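Colleague: coordinates only, sequence not included:
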């Protein structure tokens, strides 16, 4: 695609806003696909190792690709953090909403248990993704076969 200087601050804000909402909508659609078609989309998930690998490839291509990738990662993490899962901010919002509807605080022991379980599940998911990512690294495969 071609790049050109923006005509002014208004055009810059409009373009940035459109890009932000496009990436956000695509991220939400991706999470929806993951929930509704888990088998088909789970293979596309990547953990921290895959993110670094893709980032390194994009860094070699140039600034615009890496900048877009950085925006994609930032928005993706913001959306993920807002999901109503224990140990994430979205989960905390659900607990606070529940406390507000009850009119009294939830037992601290209960909230600690929910948060610990959620954190353990997130760490487990990251661990699984890291193992899968490292087993798929092309550098590692070439080193092992030589």
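Modeller: That came through fine. Only a predicted model underlies this, so the values are computations on that prediction, with no experimental measurement involved.
Colleague: centre of the chain to stretch 115-130, how far?
Modeller: Offset of stretch 115-130 from its chain centre (CA atoms, centre = their mean, to the nearest Å): 14 Å.
Colleague: what do you get for stretch 95-115?
Modeller: The chain centroid and the centroid of stretch 95-115 are separated by 26 Å under CA atoms, centre = their mean.
Colleague: how about that stretch: buried residues?
Modeller: 95, 111, 114, 115 (16 or more other CB atoms under 10 Å). C-betas here are computed from N, CA, C, even on glycine.
Colleague: pLDDT averaged over that stretch - what is it?
Modeller: What stretch 95-115 shows for mean pLDDT is 91.
Colleague: where does the chain have low pLDDT?
Modeller: Per-residue confidence for the chain (pLDDT under 70) gives these ranges: 1-2, 137-146.
Colleague: which residue ranges of it form helices?
Modeller: Using DSSP state H, the helices found in the chain span residues 9-36, 38-41, 48-61, 63-82, 89-102, 108-136, 138-145.
Colleague: and the longest one, what does it pack against?
Modeller: On a contact count with 3 or more CB pairs under 8 Å, 6 or more residues apart in numbering; DSSP states H and E, helix 108-136 meets helix 48-61, helix 89-102.
Colleague: for the first one, same thing?
Modeller: Contact analysis of helix 9-36 by 3+ CB pairs under 8 Å, 6+ apart lists helix 38-41, helix 63-82 as its packing neighbours.
Colleague: for the first one, packing partners?
Modeller: Helix 38-41 makes packing contacts with helix 9-36 when contacts are defined by 3+ CB pairs under 8 Å, 6+ apart.
Colleague: still on that earlier bit, list just the one of the helices of the chain that sits closest to residue 3.
Modeller: Proximity to residue 3, assessed across those by CB to CB, is greatest for helix 63-82 (7.0 Å).
Colleague: ok, now how distant is the residue lying closest to residue 106 once chain neighbours are set aside from residue 52?
Modeller: Distance criterion CB to CB, 6 or more residues apart in numbering; nearest residue to residue 106, sequence neighbours excluded, is residue 99 at 5.5 Å. Look at residue 99 and residue 52: by CB to CB, to the nearest Å, they are 39 Å apart.
Colleague: ditto for residue 38
Modeller: Using CB to CB, we find residue 38 at a distance of 25 Å from residue 52.
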